[in-house]
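A.B. asks: Provided below are the primary sequence and the corresponding predicted coordinates.
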Amino acid sequence: MKEVAFFAGAIGALGGAIAVIGLRNPFYSVLALIIHLISLAGLFLLLQGEFLAAAQIVVYAGAVMVLYVFVAAYVGNVDEPLWEPIPGQRFIAPLLGIALFVELGIAIVGSGLKSIESEGPTVELGFGSPEAIGTLLLERFLIAFEAASLLLLVAAVGAVVLAARKRPSEEAG
Amino acid sequence: MDITWYLVLSALIFAVGVTGVLLRRSPLVILLCLELMLNAGNLALLAFSRSLGNEEGQVFALVVMVVAACEVVVGLGLIVAAYRRRIPLNVDELRSLRG
């Protein structure tokens, strides 16, 4: 049963990822990324990351993707020129990607780690629940939590500064 | 399912993201490919967190999610600003930061 769920999630995640880089219209790429994110949330559930799966769907597939959809619709369909600055880029790039995957695969399979050759230890019932993650965030990782909130604030202010329309008085000057 | 399967899947998604960054020219799609790579990293973090049996990797993944959200906000702000100023949205021509 777990195998079926894993392969369903893996096919969704991988298919979504390939569709993101394969489709020419950016709008469709965004929709493919939503499929990818939802499949990945299923895989997170298989790995007992219940809170992370919920956050993935609410934060990513919900909020962040709405931003992407708005910008893709605002900017419109930007056609990418067929002219390539580096000759043969469209053949070299996938080759480099495959080479990277082979390298990472050798690193993973050849690492000799015993713990990754099993399903992992049995864990208690509350593993990955919001309660457990919240306790960790507010006790052991409080500084990281505060730094993340500060980072979000700075990013929000930065986005407002970047995307703000110029006032007419500034444009005249 | 062995944890190795999750790690190999994560490596595969990461490689797809890298290929996308090398291949595509639209900044919007390149941001999407960055998301792919960050999510592959998240999957690996969760897989290791499961294999070690503690939740600290999940907190790491949550922080990665926050960083990804910030990156999206700033990146999309830059794209909208470039579009407003009629700068062509093509990473081969977006070489200098001077407006």
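C.D. replies: All right, it came through fine. The model shown is predicted, which means the values in this text are computed figures rather than measured ones.
A.B. asks: what residues does stretch A:67-78 touch?
C.D. replies: For stretch A:67-78, contacts defined as C-beta atoms under 8 Å, 6 or more residues apart in numbering or on different chains pick out A:25-27, A:29-30, A:33, B:26, B:28, B:31-32, B:72-73, B:76, B:79-80, B:83, B:89-90. Just so you know, the C-beta spots here come from the backbone N, C-alpha and C atoms, and that holds for glycine as well.
A.B. asks: what's the ChimeraX syntax to select whichever of these are buried?
C.D. replies: Selection command for ChimeraX covering only the buried members of the contacts of stretch A:67-78, criterion 16 or more other C-beta atoms under 10 Å in any protein chain shown:
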select /A:26,27,29,30,33 /B:26,28,31,32,72,73,76,79,80,83,89
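A.B. asks: the host helix or strand of B:Val73 vs chain A: in contact?
C.D. replies: Assigned by DSSP states H and E, B:Val73 falls within helix B:56-84. Yes - using C-beta under 8 Å from any C-beta of the partner chain, we find that helix B:56-84 touches chain A at B:56, B:58-59, B:61-63, B:65-74, B:76-81, B:83-84.
A.B. asks: that helix - contacts with which helices or strands?
C.D. replies: helix A:50-55, helix A:65-75, helix A:130-139, helix A:142-163, helix B:27-52 (3 or more C-beta pairs under 8 Å, 6 or more residues apart in numbering or on different chains; DSSP states H and E).
A.B. asks: so after the second one, what's the next helix or strand?
C.D. replies: On the C-terminal side of helix A:65-75, the nearest following helix or strand under DSSP H and E is helix A:89-109.
A.B. asks: list the buried ones in that next one?
C.D. replies: In terms of neighbour count (16+ other C-beta under 10 Å), helix A:89-109 has its buried residues at A:93, A:97, A:100-101, A:104-105, A:108.
A.B. asks: now check that helix, is it near chain B?
C.D. replies: Yes - using C-beta under 8 Å from any C-beta, helix A:89-109 reaches chain B at A:89-90, A:92-94, A:96-98, A:100-101, A:104-105, A:108-109.
A.B. asks: where does pLDDT dip in chain B?
C.D. replies: B:97-99 (pLDDT under 70).
A.B. asks: the residue nearest to the spatial centre of chain A: what's it in contact with?
C.D. replies: Nearest to the mean C-alpha position of chain A, by C-alpha atoms, centre = their mean, lies A:Leu37 at 6.7 Å. Residues near A:Leu37 by C-beta under 8 Å, 6+ apart: A:16, A:56-57, A:60-61, A:65, B:39.
A.B. asks: which one of those has the most neighbours?
C.D. replies: B:Asn39 (27 neighbours; other C-beta atoms under 10 Å in any protein chain shown).
A.B. asks: touching, that one and A:Ser39? I think so.
C.D. replies: No - contact between B:Asn39 and A:Ser39 fails when scored by C-beta atoms under 8 Å: they sit 10.2 Å apart.
A.B. asks: and the pLDDT for A:Asn77?
C.D. replies: As predicted, A:Asn77 sits at a pLDDT of 69.
A.B. asks: number of residues surrounding residue 49?
C.D. replies: Since you didn't name a chain, this refers to chain A. 30.
A.B. asks: meant chain B, my bad for not saying
C.D. replies: 24.
A.B. asks: same check on A:Val75?
C.D. replies: So A:Val75, with other C-beta under 10 Å, has 19 neighbours.
A.B. asks: got the residues of helix A:89-109 next to chain B as JSON lines, with pLDDT columns?
C.D. replies: Formatted as JSON lines, those follow (pLDDT from 0 to 100):
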{"residue": "A:Gln89", "pLDDT": "78"}
{"residue": "A:Arg90", "pLDDT": "79"}
{"residue": "A:Ile92", "pLDDT": "87"}
{"residue": "A:Ala93", "pLDDT": "87"}
{"residue": "A:Pro94", "pLDDT": "89"}
{"residue": "A:Leu96", "pLDDT": "92"}
{"residue": "A:Gly97", "pLDDT": "91"}
{"residue": "A:Ile98", "pLDDT": "93"}
{"residue": "A:Leu100", "pLDDT": "93"}
{"residue": "A:Phe101", "pLDDT": "92"}
{"residue": "A:Leu104", "pLDDT": "91"}
{"residue": "A:Gly105", "pLDDT": "89"}
{"residue": "A:Ile108", "pLDDT": "87"}
{"residue": "A:Val109", "pLDDT": "85"}
